[in-house]
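Peer 1: build me a structure from this.
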Amino acid sequence: MQEHQTIEWKTSWDDEYLKWICGYANAYGGTLYIGKEDHDGAVIGLENSRKLLKDIPDKITHTMGIIADVNLRSEGKREYLEIIVEKYPSLINLRGRYYYRSGSTMRTIAGAELDKALLKKHGLTWDGIAIPKITASDLKQSAIELFKEKAVSSDRLTQADVDVEDSVLLDNLRLYEDDQLTRAAILSFHKDPEKWIGGAYIKIGYFVTDSDLRYQDEIHGPLIEQIDRAEELVYTKYMKALIDYEGLQRVEKYMFPRSAFREILLNAVVHKDYGSYNPIQISVYDDKMYIWNDGTMPKELSSTEKLFQKHSSKPYNPKLAGTFFKSGMIEAWGRGFDKIKEACDLHGTALPEYEILSYGVMVLCKANEQYIKLLSGQVSDKLDLSDKMSDKPDLSDKMSDKSDLSDKVRYDIIINYLNENLEISMTKTAEILNCHPKTAQRILSKLTDEGELEKIGANKNRKYKLVKN
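Peer 2: Numbers count the residues shown, from 1 in each chain. Predicted coordinates:
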């Protein structure tokens, strides 16, 4: 038998070892042997084993309120004690302090870590805790409308499911706890979730080298809106595209497949530890990109290889994940990693590399060899490298908050969006411009009247596309 996470040897008893017993109860259980050499487990015996056989159980019960099996064992004429501690469903404290056995060390847990441990022991999650005095009327209407549009278009909900009062919709999404909205509801739909939950935003930076940051943006507001805004900003302002022509059709090729990036970003948003108060950070270089979040992964998913194998989905924030699933933005059963793999295979790009640490997850996305060669000008001059922002208005100071944009800039943003996408809805326009739906409708109507856009469909399902010249 060897000493490891659930076995410890001690030559004699000391009340300090009550911490070990507390730590075992809060972790995975374990066995403490008293009267053995602590380096090889050889039995050396105890002179007072009979007295300790009575005293130790009393001390455990009186200080922690739990019961451990304390057994008298012998080897030859030498007696020693075996203390077996079971894993307890509730968190155990020793004189008001909490201990946890991790690896071969015993450590104190406190602060945010203690909060999470207490919630876990009671079957609760951080995102399911209610925040008082916030009602459905305090949430951002355009964010709720965006959710409805996505949920119906993805067939996760029917039109009848979303044609209800906001409070009923939120209740059906399990976003209430004791008649109060949960953190998941605030994160998803409140116009300023950072008022209660610090770090609930996305930070993007463009780097020439690790120490040379050229410009940056921040994406704030409801998480349900942050995904589209961050994706759009990365692929219109931060990432260079290779321009190819198939006949007269211009084709833009990116460093990394857009759909794969979206899945990685969604994983970061849904699995992030929002109790850390740090934003998700996206660092873009010419030939690579890093996405960092203060999140965690289940122990069985500790490497890139394991993540891209078949596995179940265990969201860190299940209430938040449930909302994003109903919107159609994420998949169940770990399917998101399959989608990343499929997109990378199609694009000819290596899978992203995951570095899973105790304090967060770093994802590295690399450009493929063709892209890198083109950056260096080493292949056919038929292809050209283009900075996508070179022929577009400079929106760098306005992308994070578009509420005060002039109509001219708003028009440019919509036209630029439609240069990259086939169509746009009124709800999507309001999200991109960060404006009221009535303002979005006015902008679309104006562009239609000027012959820039044409309508597709009618009423609620109406969308707009560019007029082909």
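Peer 1: just the CA coordinates of stretch 169-177, formatted as CSV?
Peer 2: Output in CSV follows, covering the C-alpha atoms of stretch 169-177 (Å, rounded to 0.1, in the frame of the first residue of the first chain):
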residue,chain,number,x,y,z
LEU,A,169,-41.0,32.8,-21.1
LEU,A,170,-38.3,33.3,-18.4
ASP,A,171,-40.2,31.0,-16.1
ASN,A,172,-40.4,28.3,-18.8
LEU,A,173,-36.7,28.7,-19.3
ARG,A,174,-36.2,27.9,-15.6
LEU,A,175,-34.7,31.3,-14.9
TYR,A,176,-36.6,32.0,-11.7
GLU,A,177,-35.7,30.9,-8.2
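Peer 1: and that stretch, which residues are buried?
Peer 2: 169-170, 173-177 (16 or more other Cβ atoms under 10 Å). Glycine gets a C-beta too; all of them are placed from N, C-alpha and C.
Peer 1: how far out from the middle of the chain is it?
Peer 2: 21 Å (Cα atoms, centre = their mean, to the nearest Å).
Peer 1: now find how far off-centre stretch 218-233 is within its chain.
Peer 2: 14 Å.
Peer 1: quick one: average confidence on that stretch?
Peer 2: The average pLDDT within stretch 218-233 is 95.
Peer 1: just the strands in the stretch 51-200 of the chain please.
Peer 2: 69-75, 78-85, 93-94, 97-102, 105-109, 176-177, 180-181 (DSSP state E, counting those that start in this stretch).
Peer 1: how does this protein divide into domains?
Peer 2: 7-124, 127-195, 202-394, 402-469 (automatic domain parsing).
Peer 1: could you point out which element follows the lowest-mean-pLDDT helix or strand in the chain?
Peer 2: In the chain, no helix or strand scores lower on mean pLDDT, DSSP states H and E than strand 384-386, which sits at a mean of 44. Per DSSP states H and E, the first helix or strand lying C-terminal to strand 384-386 is helix 407-420.
Peer 1: relative to the whole chain's centre, how far out is that following helix?
Peer 2: Computed by Cα atoms, centre = their mean, the chain-centroid distance of helix 407-420 equals 30 Å.
Peer 1: what's that helix packed up against?
Peer 2: Applying 3 or more Cβ pairs under 8 Å, 6 or more residues apart in numbering; DSSP states H and E, one finds that helix 407-420 makes contact with strand 424-425, helix 426-433, helix 437-449, strand 463-466.
Peer 1: got the buried residues for that helix?
Peer 2: 409-411, 413-414, 416-418.
Peer 1: and it with helix 437-449, angle?
Peer 2: 70 degrees (axes from the mean of the first three to the mean of the last three Cα atoms, to 10 degrees).
Peer 1: hey, C-alpha coordinates of helix 407-420 in PDB?
Peer 2: Output in PDB follows, covering the C-alpha atoms of helix 407-420 (Å, rounded to 0.1, in the frame of the first residue of the first chain):
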ATOM      1  CA  ASP A 407     -27.200  57.600 -39.600                       C
ATOM      2  CA  LYS A 408     -24.500  57.600 -42.200                       C
ATOM      3  CA  VAL A 409     -22.300  55.400 -40.000                       C
ATOM      4  CA  ARG A 410     -25.300  53.200 -39.300                       C
ATOM      5  CA  TYR A 411     -25.900  52.800 -43.000                       C
ATOM      6  CA  ASP A 412     -22.200  51.800 -43.600                       C
ATOM      7  CA  ILE A 413     -22.400  49.200 -40.800                       C
ATOM      8  CA  ILE A 414     -25.500  47.600 -42.300                       C
ATOM      9  CA  ILE A 415     -24.100  47.600 -45.800                       C
ATOM     10  CA  ASN A 416     -20.800  46.100 -44.600                       C
ATOM     11  CA  TYR A 417     -22.700  43.400 -42.700                       C
ATOM     12  CA  LEU A 418     -24.600  42.500 -45.800                       C
ATOM     13  CA  ASN A 419     -21.400  42.400 -47.800                       C
ATOM     14  CA  GLU A 420     -20.600  39.400 -45.500                       C
END
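Peer 1: residue 148 versus the nearest residue to residue 422 once chain neighbours are set aside, what's the distance?
Peer 2: Nearest residue to residue 422, sequence neighbours excluded (Cβ to Cβ, 6 or more residues apart in numbering): residue 465, at 6.2 Å. For residue 465, the distance to residue 148 (Cβ to Cβ, to the nearest Å) stands at 22 Å.
Peer 1: more neighbours: which of those two?
Peer 2: residue 148 (21 against 14; other Cβ atoms under 10 Å).
Peer 1: can you pull the contacts of the more buried one?
Peer 2: 157, 162, 169 (Cβ atoms under 8 Å, 6 or more residues apart in numbering).
Peer 1: what is the mean pLDDT for stretch 11-29?
Peer 2: Computed over stretch 11-29, the average pLDDT equals 92.
Peer 1: compute the first-to-last residue distance for that stretch.
Peer 2: 21 Å (Cα to Cα, to the nearest Å).
Peer 1: that stretch: which residues count as buried?
Peer 2: Neighbour counts over stretch 11-29 (16+ other Cβ under 10 Å) mark 11, 13, 17-27 as buried.
Peer 1: again, but for stretch 208-218
Peer 2: Per 16+ other Cβ under 10 Å, stretch 208-218 contains these buried residues: 216-217.
Peer 1: now do stretch 81-100
Peer 2: So for stretch 81-100, counting by 16+ other Cβ under 10 Å, buried means 81, 83, 85, 88, 91-94, 98-100.
Peer 1: can I get those in TSV with pLDDT and distance to residue 371?
Peer 2: Output for the buried residues of stretch 81-100, formatted as TSV (pLDDT from 0 to 100; distance: Cβ to Cβ, whole Å):
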residue	pLDDT	distance to residue 371
81	96	65
83	96	61
85	95	56
88	85	54
91	82	50
92	87	54
93	89	55
94	91	57
98	88	50
99	90	51
100	88	46
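Peer 1: out of the residues you listed, what pair is the most spread apart?
Peer 2: 81 and 91 (25.9 Å; Cβ to Cβ).
Peer 1: return the longest helix along the chain as PDB; C-alpha atoms alone will do.
Peer 2: Scanning the chain for the longest helix, with DSSP state H as the assignment, gives helix 49-64. The C-alpha coordinates for helix 49-64 follow below in PDB (Å, rounded to 0.1, in the frame of the first residue of the first chain):
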ATOM      1  CA  SER A  49      -3.500   3.100  21.200                       C
ATOM      2  CA  ARG A  50      -6.300   2.100  23.600                       C
ATOM      3  CA  LYS A  51      -6.800   5.600  24.900                       C
ATOM      4  CA  LEU A  52      -6.700   7.100  21.400                       C
ATOM      5  CA  LEU A  53      -9.300   4.500  20.300                       C
ATOM      6  CA  LYS A  54     -11.800   6.300  22.600                       C
ATOM      7  CA  ASP A  55     -10.500   9.900  22.400                       C
ATOM      8  CA  ILE A  56     -10.200  10.300  18.600                       C
ATOM      9  CA  PRO A  57     -13.900   9.400  17.800                       C
ATOM     10  CA  ASP A  58     -15.100  11.800  20.500                       C
ATOM     11  CA  LYS A  59     -12.900  14.600  19.100                       C
ATOM     12  CA  ILE A  60     -14.100  14.000  15.500                       C
ATOM     13  CA  THR A  61     -17.800  14.100  16.600                       C
ATOM     14  CA  HIS A  62     -17.500  17.100  19.000                       C
ATOM     15  CA  THR A  63     -15.500  19.300  16.500                       C
ATOM     16  CA  MET A  64     -17.100  18.400  13.200                       C
END
